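# Using only what follows, build the 3D model:
(one chain, ligands or ions: 1)
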Amino acid sequence: MQNVPTHIAIMMDGNGRWGEKRGLTRSQGHFAGSKTMENIIDASLELGVKILTLYAFSSENWTRPEEEVKYLMDLPVIYLNEKLPKFIQKDIRICVLGDINGLPIHTREAVKKAVDQKSNNSKLIVNFALNK
Ligand code: FPP
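You can find the predicted model right below:
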């Protein structure tokens with residue numbers, strides 16, 4: 001396919017408002033955002049994009065309400081536990097940008113596990129910016 005960018009970077013924004021507008025919680029908005037993220041990953045693979053960078057949590061996001069931060073730290077665990085086998089099967093390599101030492105242990109472990117599964121997975125690189 002012609003004119004496909006090699007690298008696409010996406011700032012995720014509006015998840016919370018998306019949820020609130022529909023009478024849902026902000027966390028439900030983030031969960032829906034994670035589903036959209038999956039569609040974007042699949043579409044990137046299909047189009048032949050080589051690198052996809054997804055800004056998932058900025059170092060400024062720690063000031064959000066405690067419950068929301070907790071959910072945003074649980075979401076990578078839920079998401080990666082479910083999707084990692086599929087990522088490996090589809091030749092996707094996961095990388096992380098940001099200070100993962102600042103993440104809660106369960107989040108850090110899930111992220112590390114995903115990053116460690118890197119042998120030969122090179123069709124698409126997905127960079128998650130976390131605490132960046
Ligand atoms: C921005 O919306 C979105 C986020 C802060 C979080 C996005 C993260 C995910 C969807 C999942 C991450 C998963 C992994 C595996 C790293 P916002 O809350 O800034 O929206 P608003 O503008 O409505 O407040």
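
# any idea how far Val77 is from Ser34?
11 Å (C-beta to C-beta, to the nearest Å). C-beta here means a position set from N, CA and C on the backbone, and glycine is covered the same way.

# Leu24 too?
14 Å.

# Under a three-state scheme, what state does Gln2 occupy?
Assigned with DSSP: H, G, I helix; E, B strand; the rest coil, Gln2 falls in the coil class.

# My guess is Val4 contacts Val49. True?
Yes: the pair Val4 and Val49 passes the contact test of C-beta atoms under 8 Å, sitting 6.1 Å apart.

# Counting neighbours, go ahead and name the busier of those two.
Val49 (21 against 12; other C-beta atoms under 10 Å).

# The nearest residue to the more buried one once chain neighbours are set aside is in what secondary structure piece?
Ranked by C-beta to C-beta, 6 or more residues apart in numbering and with sequence neighbours excluded, the top spatial neighbour of Val49 is Ile8, at 5.5 Å. Assigned by DSSP states H and E, Ile8 falls within strand 7-11.

# Can you get me the centre-to-centre distance for the longest helix along the chain and its chain?
Determined from DSSP state H, the single longest helix within the chain is helix 66-89. Centroid displacement of helix 66-89 relative to its chain, using C-alpha atoms, centre = their mean, to the nearest Å, is 8 Å.
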